[in-house]
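> here's a sequence, model it:
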Amino acid sequence: MFDYIVEKSKTNKNILLHSCFSPLIIKIIADEVPFQLSIISGDIEVSPILNSKDYDFTLSATKKAWLNLKKATAPPGFQCLSTMRRTQNLIVTGDIIKFNQHLLLLEMLFSNIVPDENTYRRPAPAKIEDIKGQYIQLTIEGTPHRLYFEEAGKGVPLVCLHTAGSDSRQYQHLLNDPEITNNFRVITFDLPWHGKSSPPHGFEKSIYELTTNSYMSIVMTFLTALELENPVIMGCSIGGRVVLHLALNHGKSFKAVIGLQSALFAEDRSLGEATPSDLLHRPDIHGGQIAGALMAGMTAPQSPSHERWETMWHYMQSGPGVFKGDLNYYFVDGDLRNALTDTLINSDCPIYLLNGEYDASATPEMGYELSQLIKAEYFEVMKNVGHFPMSENPEEFRRYLIPVLEKILHNQ
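Numbers count the residues shown, from 1 in each chain. This next block holds a predicted model:
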């Protein structure tokens, strides 16, 4: 395991030099056998003999867990350090701030998220995509906004909602898929504060927090402004949660809803030192790097490397505090465990659910539990994808999505 880390460090010297904010001394435990890993000025030294007691933090897991992490296609729950924490296969103790300051570096050393050097993408001829991007001015809950949206295709409106802390670029592959756009008018927009949708005037006087009511209001105002009749709404993560709230409160307005990575609730299940609640928005941690590093652990090792990195990049560009504000809805305000979800049984709005097998947040088990509770129209576990199926592995995702879209068309 540790020879593997040293070998990877040799091929990523520049990354180490730019990513290590300060010398690191890490204690690593495998089945109670300790090792020391030192990173100084881009050089790594691994020693089975401990020569320091001043460890920055300790990473503790079983030998089997470390070996699973090393695999090119690690099993679900072991694809990254952050995932191992979520699934309680890794315990982190010590300086948790320093651990998170260097999480992207650590993931690149321990996990298989470094770009594959053998991947060669041949130059493509210049091409203008059949996607139209526009801005729309509208008032949401009494506040003027200017939202950016894109669309392609014709037919049944298919409105796609992006994940927390990201933006509508996640759906670029759907917008460029003629098999989908021949029958669906695919529309995706950036939530306020996200992507090309700026915050409203005076945003500097407030703290951004997404709530159930504000999220539903944004979506319904947008649909009304575009005069969309009987659309299909598809959302992922927070979008996969809000489609359930929308079905509960506005079900008759939709032809169907599709929940990607949907679950009744979400929570941090990590063991070890408690993670600060302000992790994503504090001056001593790079907000973009920590967001990208955490999302690396939400993708699947089978997903193409360049797609995984682009998915992470979208998170690295999020505005200060925006990801954290979205998680107010995901972890707190949007919790559906106390909602009247039984009213979704035999709902006028068919609910289709797809959950990725590598998602440690809205797990396949949680998706299945939800589907049984509300007697969903359809549920399936997507193999070889994680929390971002439409962006991390678009080819695999469409294998699951197109049959669902066909079912919706045939139910007209």
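
> and the strands in the chain?
For the chain, applying DSSP state E gives strands covering 24-30, 33-40, 43-47, 57-61, 91-94, 132-140, 143-152, 156-161, 184-189, 232-236, 256-260, 271-272, 351-356, 378-382.

> using CSV, lay out these together with mean neighbour count.
From N, CA and C alone the C-beta is placed, and that goes for glycine too. Compiled in CSV, the strands of the chain are given as follows (neighbours: other Cβ atoms under 10 Å):
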stretch, mean neighbour count
strand 24-30, 19
strand 33-40, 16
strand 43-47, 15
strand 57-61, 21
strand 91-94, 18
strand 132-140, 13
strand 143-152, 19
strand 156-161, 24
strand 184-189, 24
strand 232-236, 27
strand 256-260, 29
strand 271-272, 16
strand 351-356, 27
strand 378-382, 19
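
> those strands: which one's closest to Asp335?
Distance to Asp335, taken as Cβ to Cβ, is lowest for strand 256-260 among these, at 15.4 Å.

> by contact count, what packs against that closest one?
strand 232-236, helix 238-250, strand 351-356, helix 394-410 (3 or more Cβ pairs under 8 Å, 6 or more residues apart in numbering; DSSP states H and E).

> against which helices or strands is the longest one packed?
Packed against helix 394-410 by the contact rule (3+ Cβ pairs under 8 Å, 6+ apart) you find strand 156-161, helix 172-175, helix 178-181, strand 256-260, strand 351-356, strand 378-382, helix 389-392.

> buried ones in that helix, by neighbour count?
Buried residues in helix 394-410, counted by 16 or more other Cβ atoms under 10 Å: 394, 396-398, 400-401, 404-405, 408.

> can you add pLDDT and distance to Ser371 and give these back as TSV?
Shown next, in TSV, are these (pLDDT from 0 to 100; distance: Cβ to Cβ, whole Å):
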residue	pLDDT	distance to Ser371
Pro394	98	24
Glu396	98	20
Phe397	98	18
Arg398	98	21
Tyr400	98	14
Leu401	98	17
Val404	98	13
Leu405	98	18
Ile408	97	17
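
> on that earlier part again, Ile26 is nearest to which of the helices and strands packed on strand 256-260?
So among these, strand 351-356 is nearest, using Cβ to Cβ, at 30.3 Å.

> residues in contact with that closest one: which ones?
243-244, 247, 256-263, 300, 344, 362-364, 366-368, 370-371, 374, 376-382, 385-387, 389, 400-401, 404, 407-408 (Cβ atoms under 8 Å, 6 or more residues apart in numbering).
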